[in-house]
Structure formats: C-alpha cells, structure tokens
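Novice: need the 3D shape of this:
(3 chains)
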Amino acid sequence: MSAPATTIDAPPEGRARSLWKRLRDGDEIAHTVTFLCAFAVIAVTALLVFELYRNSEPSRLKFGWSFLWTKTWDPVAGKFGALPFIYGTIVTSALAMIIAIPLGVGAAIFLAELAPPGISSALTFLIELLAAVPSVIIGFLGFFVLLPALLRAEPYIRSALGWTPLFSGPFYGVSFFTAGVVLSVMIVPFIISISREVILSVPSDQREAALALGATRWESTWDVVVPFARKGIVGSIFLALARSLGETMAVTMVIGNDPKISASLFAPGYSIAAVIANEFAEATGDLYQGALIELGLVLFALTIIINGAARILVVSTTRKGTSQ
Amino acid sequence: MIRKVSGAILALVLIAGVASAQTITAGGATFPYPMYSKWFDEYHKKVPSVSINYQSIGSGGGVQQVTAGTLDFGASDYALTDAQLKEFHDKRGFNVLAFPTVLGADVPAYNLPGVTAVLNFTPEALAGIFLGKITKWNDPAITGPNPGVNLPNENIVVVHRSDGSGTTFIWVDYLCKISPEWDKGPGRGASVNWPTGLGGKGNEAVAGLVHQTRFSLGYVELTYALQTKMAYGNVKNSAGVFMKADLASVTAASAAVKDMPDDFRVSITNPPGKGAYPIASFTWLLVPEKISDPAKKKAITDFLGWMLTDGQNVTEALSYAKLPASVVAKEKKAIAKIQ
Amino acid sequence: MTWNKARRKTVNVFMLALTGLCTVFAAGTLVYILGYLFVHGASSLSWNFFTKLPAPVGEAGGGMANAILGSAKLLLLASCVGVPIGFLGGVYLAEFGGSGFSSAVRYTTDLLNGVPSIVMGIFAYALIVVPQKHFSTFAGGLALGVIMLPIAIRSSEEFLRNVPLALREGAMALGASKSKAIFTVVIPAAKAGIITGIMLNLARVAGETAPLLFTAFGNRFWSPGWNQPTAALPEMIFRYSISAYDDWHQQAWSAGFVLLVLVLGVNIVARLILANKAHVAR
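Specialist: Have a look, this model is predicted:
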C-alpha cells in the first residue's frame, strides 16, 4: 500500500502553524456547513407549519373548532366544514387497510419465512417496484380498468354483502369503495416491504427453538416469529396508513368528488387531499382559501400522529430485535 | 472535467433559453377552452414571438388568480359580481375589465343506452333533477315532453362540476331564474352546495364521467358535447318552444341584449324570443386595467384587437356564436381603457 | 395423535399456498400495470409524441415534447435543492451529530416525509407563487426539492453509517483531520449507496403531480427559462386522462408508459448497483 497523501506532521512553529490552523478551520467549516443543512430541515418544517397556520387564519377565526364537525361545504354561502372530508379520508383509508393488511402481512410472511430464497428475492424485487409506480398512473388505471371491472362485479358483491348498509344504494363506479381499492394497491408494497424486513430481523434462535420442538414451518412462523415481530408489523401498517391518508391524485380520479357522508361504500364521496387539489386554485376569497388550508392543517396533524406512532413501533423492533 | 462542466453550462443555457419571446400566462374558464386553445394557437402562428399559455383551471380559478396577480389575464363565464370587482380593486389598486369573446351554451348531456331520440327537457324537469327531487328517468316530468320514447326505470346519475366553474354559474343562473326552490336553496355561484351528484374537474372531466357512467345526466358546454359525440337534449325556452342548442339559437339568445352595459356584464339565460336557446351565455376575458409591462400590454391589446376581427371569423367552426356587431364595436373602444 | 399431525401438516401446506397466493397477487399487480401500459401506451408512441407540442383541444396530432422537457427541468431544479442540502445534512447526522440535536433533526425529517405532497404544493404556492405573482418552474422545482429533502438526508445518513468504523479510524490514524477523513475516505466508500439513494429519490418525485398543480401550473408551449409556468409529464397525464377525448387518452397512456419505464428503469438500475455492492466483499 502506497503512502497516503494526507500525512500531516505534528504541528511545528511558524509556517507550519498556519497550515495546521487551516486544517482545523476545515473541520470547523465542514461542521458548520453540514450543521446548517441539517438545521435546514427543521427550519423548512417550522416554516411550513407557520405558513399553514397563518394562511388558514380567516377560517380558523370564523369557525373555531366546530370546523371539524360541520357537515356543510357551501362556498356560495361561505359556510365550510371539514367533516365530509375527514369522513371520506378515514373511510377510504380504512377500506384500504382492510384489504391491504391481510394481503400484505400474508405476502411478507411468505417472502420472509416460507419461500425459497431465489423466489423470495425475485418477488420482493417486483413488489418493491410497485411502490415506485407514480400515483397518477395508478389513478389512471383505476379509472379505466378497475372502475369498469368493479361495475361488472357489482351484482356479485351486492348479492353477497348487499344486506349490510355498507353496500346499499346505487353504484356508479366512482365511490368510496373504488377509492379504497385503489389505495390498497398503493400501500400494500409498503406493508410487505417493511414487514418482511422486520420478520427477517427476528433472531433465528427463536425460529430454530420452535422447529426443534417439532413445530411445522407455519406454526413456528405464526406462533413464534410473527408475535415477536408484531410491533414492527403494526408499525408498517401505521406507515402505510399515513401514506394513504395523504394520497391525492389516485383518489380524486375515482372517489366521485361529492362532499357527502354516506354509510354505503358504493356512494361517491370526497377526501381532504382531493378537495384541496380540486378547489384550491380557484378558491375565491380569503375565507374559502383559508378553509382549504385549514383542511391541509388537519391532514398534516393526522399524518403527524400516525407517523409518530409508526416510528416508535418500527424503530424499536428493527433496531433491538425485540418486541418487549 | 472542464469539458464536462462547460458542456453542462451550455446545456443549462440552452434549456434556460433566451426569453426574447413574449409569454403571457392566462387561465380560467373551461367553457370556451376549445375556442381559446384554437385562437392562441392561430395567433401564435400569426405572431410567433407571442405565446399565450392558457390553462383551463375553471372560471373560479381565472377570477382568483387574476385577482392575485399570478395570471396576466383571466377568463370567466360569469360577469364578476360587485363584491369581486371591489376585491380586485382593493387588492391591486385598479380595476379589472371584462371583454366578451364568444357566445356558448350549456347543454344537458346524457348517457342513455338504447335511447336514440333527442330528449326534450322542461325547466321544471331540469330543476327537479338537479335538486334531487326527480330521481328516475321515467318520471312523468321527463316522459311527458317525450312521448313515444322508452325511458328506463333507472336512477338518474347527476354529474356536475367539482371545481369553481362559469359553466356551473350559467347553469345555476338559469335554474335560479326558473325555479324559486333552487334560488332559495343552492343558489347562484361558481361552486354551489349540490344536493346530489358526482363531481368532475372541468368540462373535460364532466364529459368524461357522463361517457363512463350509464344513465347519467350532466351539463357541459355545447362544443364539448359535439366534439365527444355526446347525446344532449333540447330545453324548453320562455316562449314554450323546445330548442336545440346551436349557432342560430344561441345567436338569437344574444339578441336579447338590447343595450349592452359599458362594463359588459350581462346575463342572457332564459331570454325572451321564440328562437332563443335558454341556457346561453357570453364568456369574458378578464384583463387588468393597468398592465405595467409595456411588452405584455402591447401583446394583450394586439390580441384583443385580433380577437375582435379575425378571431370572430373562426368561432362558428367550433360551434361558438360570434359576438353581435354592436358589442364588437363597443369593445374595440373599450380596449383603449387598458393602460 | 397422527390425525393431529396430519391436520397440522395440512394447515402448513394450506398456509404456504395462501400466503404464496397473496404474494403472487401483489407481484402480479405490478406485472399487470406494466403490461397494460405497454399494450395501450407503447403502440401509440410516435415521433409526434416526443417532438410535438400539444394540439388545440379536440385536434389530433399533438405531442408532449414540452412536458418531457418540463419534467426534466423540474427534476434538475429539485435535485439542486434537495441533493446538496440532504446529502450534507446526512453527513452531519452520520459524522458530527450530538445526540439531542440529531434526534430532533431525525424526528423532523420523518415528519416532513409524512407531509402529503398536496400540502407541499400549498406551501410552495403561498411562499413563492403569491409573492412573485406568477407560476413558475422555479416554484414547482422548489416544492419537489423540499419533498426530496427528508429521504435524501435519511438515505445519506444510512449509507454513511454503513461504512465500517475501521476505515474512518484508519484515515484518522494516518493523521487526517475529521473532515478530511470524511470527504476523502468515508464518502467515496459510501458512493454507490448515496448515488442510488439520489436516483431512487428522483424517480419518486418524477411522478408527483399534486404539488405541481398550483406551482408549475402547466403550459401549452415551450417554457423558456425558469420563471415561466411549465408543463410536466404527470400533470399532463392527469389532465388528459380525465378528459373525454380519445386522442388525449391515447397520449395519456403513452405518457404513462414513458414515465413508468423511466421510473422503473431507474429503480432497477439502482437496486442492481446496491446488490452488486453487497455481493462484493467489503
């Protein structure tokens, strides 16, 4: 190995002293510059919250907390309420969860525990690519492929589940249901990818102990490994939930854009992100725009809470490898 | 290394471009968008140094963004209210001028598989449908004016705009005039509290939704219905005649304006006249009274002049009616108000 | 006893099949999406698409040349904002950080990452478009850059941390100052990871539409410079796909195909680089 070019002598007097000083300054500069960049994140976030808070003032002052449970969204009369959008956001995300969780956790278990390694990495690769598909493309396909397919499938769904209020009423394609299905396609890769990581990081002695005691592969997975990884899996679910709450493009193309609260999943609805996308550029007047920005603030608050919970769960599981 | 860097700089400069061309940013109504996109394209061919970039973000967007100053001029299918004019003046310190450009019409477009006849709609039927009171296609209010047409016993899927729209304004302005219940209820505006229906963003999306959804009924501008080959119905006018929207009936509606006010703000829905289509309207370009950039001001005023002469000659090909001669003359004088 | 064993074995096989089915379903969705776009979009890819400007409404023959260039410019601007700040921030967290401040930064990064992109759009609109009084490529690029920031910081930190301590200590033992060690030894060692992190980040923001709606605004023509509104691929896909014109639908399919190929291509290359690095003995 050749002598490296960065050899420095012990600091002598005179000319060499200023050299030493410069190198020390190099450290200072590097420290300061990188510090500022790291600080920039905090600054930007603070600015973001500040702007959202300030620009939503007309609406906050006028409606106060009742904004959160008012049903009306009437730009003509100047009455704004967030409830239909909060409802739509939660319902579509909940439906997405119901579909994506069994599918995602099942696939993660298969990929991490049960599948042969070659197949596992190939399939993981494909699924992680799904996470990279832009949401506008999924929305586009949702509108042109999923929607007609669901319209054709509607009679079967109705005959199986039509007795519940969840699947009553007419179905026009655009609805909470379609939006929920589209969202599930978008979030399932996240659940799979993170859950798989979490399951893989469970110490192998746990697995081996179960197998040594005579458990089948499935039993060792389901009864020993998965409970161990439980916290991390739940964390991945929270992360996926946070992602689905903020999803805009795919949802606005298939949800129907109707700010109504309805028990039936077949009915059209609206979500916070979708209404902002549709109405922001033309919200005439400070109150209207303020109401939309306040909705943005509500969404932001929701995602903070969910992300916070997720972080605690995922970090504590993958770092320490324990669910206790 | 140096070659790579200079190559990158060269690329950057090329991308950045030398902005000698004049770019005007405009936006607003989707109602006249087919016409405007053709006009701006033709004008760009005629005057290649001027590019007018128009985005159809809806009349509400046109009004809001021109008031905020982010657009050089806006476009809207409704004449600004006094409150909006005042808001513009308060925000910018000068007034905004409205210039009518063409005449168009809102038509009730529907998707009824198997029905080939052109349906007749009475004002009461339309109001009832949009209020959510009339829910089935074979309701007597609809079957009455359409004897012999086999209307199905299906729910009517109402489609409306989800964005702030002048097309909406024209439609609900008409509904307000013919239905006291609508006037008291959802009322008049670019964005109303719809009792029922699915929302689409822009005339384009409403047309798309009606296309996709069986048994739906939505309101779109005439040109969109024609370009996408949608079925649309006739509407009964104030003289009791079921009128189809076309150049003749829309022009007849514009004749209702005997005396165009100086600010060009006028509504021509539900006009008198046997040959008039009841849901027609002017559409306006919203131009600030003061344009500080002289190059932009020249580009805009030149375009307005072209629009009133050559521009008017190509409207009919796209089924927009041209402006009455008296209005054109008045507008030519009004251009001078732009400083 | 044996009956119980048989039952357990059956359950084992059954669950293997069920979870396998879930996986195939999930993986199959991607294949389906790709296939669908290929069938519908690749066939209508024409020279027109890549070179022509959009045609007036209702007329056929337009293209998306300006949207392709617009997206490229937006991504260039976004990376000028997101990459240096994110990278250097990651360097701080990995190399210099004190615990309190670093935790605050990491927490805020996660927070920022969770902000829906539509809210970022509002932010950029209020901060840049309104005071400047016009829509611009600059505003759109900045919004995308801020979206890139959290992932840039986290992935840089991650890859820098993965560089073995021995390399750092070796450099310092030879007398290099801390910053010299970082910039001449640690960073080059993490090079592959950092570059792939940037690539993946870019691929992600390339498909973002929502923040562009009220910043870049869209443009029928070429957008000279950085201060004019500009068209972008995802925004065009959105507008064309919700319309009722068949020609526009065709173009939306083609644009979707192009965008998807680019995004997936970058992802595949990035992952191959990382996998290759992992295989090579460290």
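Novice: report the beta-bridge partner residues of the closest residue to chain A within the stretch 101-250 of chain B.
Specialist: The nearest approach of the stretch 101-250 of chain B to chain A comes at B:Gly199, 3.2 Å away (CB to the nearest CB). Heads up, the C-betas are built off the backbone N, CA and C, glycines and all. Using DSSP bridges, the beta-bridge partners of B:Gly199 come out as B:His160.
Novice: any idea how many residues pack against it?
Specialist: 28 (other CB atoms under 10 Å in any protein chain shown).
Novice: does it touch A:Asp258 like I think?
Specialist: Yes - using CB atoms under 8 Å, B:Gly199 makes contact with A:Asp258 at a distance of 5.7 Å.
Novice: separation between the closest residue in space to C:Phe87 that isn't next to it in sequence and A:Phe190?
Specialist: Closest residue in space to C:Phe87, ignoring its immediate chain neighbours: C:Ser156 at 4.9 Å, by CB to CB, 6 or more residues apart in numbering or on different chains. Distance, C:Ser156 to A:Phe190, using CB to CB, to the nearest Å: 21 Å.
Novice: do A:Thr70 as well
Specialist: Noted for A:Thr70: a distance of 33 Å to A:Phe190, by CB to CB.
Novice: higher neighbour count, these two?
Specialist: Remark: of A:Thr70 and A:Phe190, A:Phe190 carries more neighbours, 23 against 15, as counted by other CB under 10 Å.
Novice: and what about the more buried one, helix, strand or coil?
Specialist: Here A:Phe190 is helix, with the state taken from DSSP: H, G, I helix; E, B strand; the rest coil.
Novice: count the residues that sit near the closest residue in space to it that isn't next to it in sequence.
Specialist: Taking CB to CB, 6+ apart as the measure, A:Phe190 lies nearest to A:Ala240, with 4.5 Å between them; neighbours along the chain are not counted. Counted by other CB under 10 Å, the residues lying close to A:Ala240 total 30.
Novice: low-confidence regions, the stretch 101-250 of chain B specifically.
Specialist: In the predicted model of the stretch 101-250 of chain B, no residue satisfies pLDDT under 70.
Novice: can you list the residues of it near chain C?
Specialist: With the criterion set to CB under 8 Å from any CB of the partner chain, the stretch 101-250 of chain B comes near chain C through B:200-202, B:204-205, B:207-208, B:210-211, B:223-224, B:227-228, B:230.
Novice: go with 7 Å
Specialist: Residues of the stretch 101-250 of chain B lying close to chain C by CB under 7 Å from any CB of the partner chain are B:201, B:204-205, B:207-208, B:211, B:227-228.
Novice: next up, the contacts around the nearest residue to B:Ala141 once chain neighbours are set aside.
Specialist: The shortest distance from B:Ala141 to any non-neighbouring residue, by CB to CB, 6+ apart, is to B:Ala125 (4.3 Å). By CB atoms under 7 Å, 6 or more residues apart in numbering or on different chains, B:Ala125 lies in contact with B:134, B:141-142.
Novice: what helices or strands is the helix or strand that contains A:Ser159 leaning on?
Specialist: Per DSSP states H and E: A:Ser159 is located in helix A:147-161. Helices and strands touching helix A:147-161, by 3 or more CB pairs under 7 Å, 6 or more residues apart in numbering or on different chains; DSSP states H and E, are helix A:176-200.
Novice: let me see the mean pLDDT of the helix it packs on.
Specialist: Average pLDDT, helix A:176-200: 90.
Novice: please see if the helix or strand just after that helix touches chain C.
Specialist: Counting by DSSP H and E, the next helix or strand C-terminal to helix A:176-200 is helix A:204-212. No - shown here: helix A:204-212 not in contact with chain C (CB under 7 Å from any CB), separated by at least 11.9 Å.
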